[in-house]
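> Just need the structure, nothing else, for what follows:
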Amino acid sequence: MKATGIFLLLSLALCCYQGIAEANRAAGRGREPSCDNFNLSRGCTRDFEPICGTDDVLYSNECLLCLHNRQRGASVRIKHRGMCQNPNARSTN
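Take a look at the predicted model:
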């Protein structure tokens with residue numbers, strides 16, 4: 001009985017650990033920008049809502065990141081909102 005209980009607890013702990021590890025890996029890849037929210041053929045606003053891309057480039061807003069992806073055939077994702085810690089030399093403000 002004790003062996004079964006220990007086995008179940010260890011199994012539960014392993015499942016939780018794998019879930020946390022997978023979430024951390026996904027965060028490292030960033031999240032997909034919501035490009036469907038923008039009419040890229042009309043351009044983007046000049047609102048300054050900084051986005052740090054997974055390429056470590058600072059984009060003035062999410063629309064400009066989407067426009068960059070569309071124009072260059074890139075697949076830059078959102079690393080996080082706000083300024084980049086170590087920005088790449090190429091920057092699109």
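> At which residues are the helices of the chain located?
2-28, 62-72 (DSSP state H).
> These: lowest mean pLDDT?
Across these, helix 2-28 has the smallest mean pLDDT, namely a mean of 51.
> mind giving me the domain split of this structure?
With domains defined by automatic domain parsing, the chain comprises 1-30, 31-93.
> wait, doesn't Glu62 sit right on Val76?
No: taking contacts as Cβ atoms under 8 Å, Glu62 lies outside contact range of Val76: 11.0 Å. For every residue, glycine as well, the C-beta is placed using N, CA and C.
> Show the contacting residues for Ser75.
Asn69 (Cβ atoms under 8 Å, 6 or more residues apart in numbering).
> so how many other residues sit close to the residue lying closest to Ile51 once chain neighbours are set aside?
Take Ile51 and drop its neighbours on the chain: the residue closest to it by Cβ to Cβ, 6 or more residues apart in numbering is Tyr59, 4.5 Å away. Residues lying near Tyr59 (other Cβ atoms under 10 Å) number 25.
> Repeat that for the one 4 residues further on.
A total of 23 residues lie near Cys63 under the criterion other Cβ under 10 Å.
> again, but for Cys44
There are 18 residues near Cys44, going by other Cβ under 10 Å.
> what about Ser60, distance to Glu49?
7 Å (Cβ to Cβ, to the nearest Å).
> do the same with Gly30
For Gly30 relative to Glu49 (Cβ to Cβ), the value is 16 Å.
> Between Ser60 and Glu49, which contacts overlap?
When Cβ under 8 Å, 6+ apart defines a contact, no residue borders Ser60 and Glu49 alike.
> and those two? which has more neighbours close in?
Neighbours were counted for Ser60 and for Glu49 using other Cβ under 10 Å; Ser60 has more, 18 against 13.
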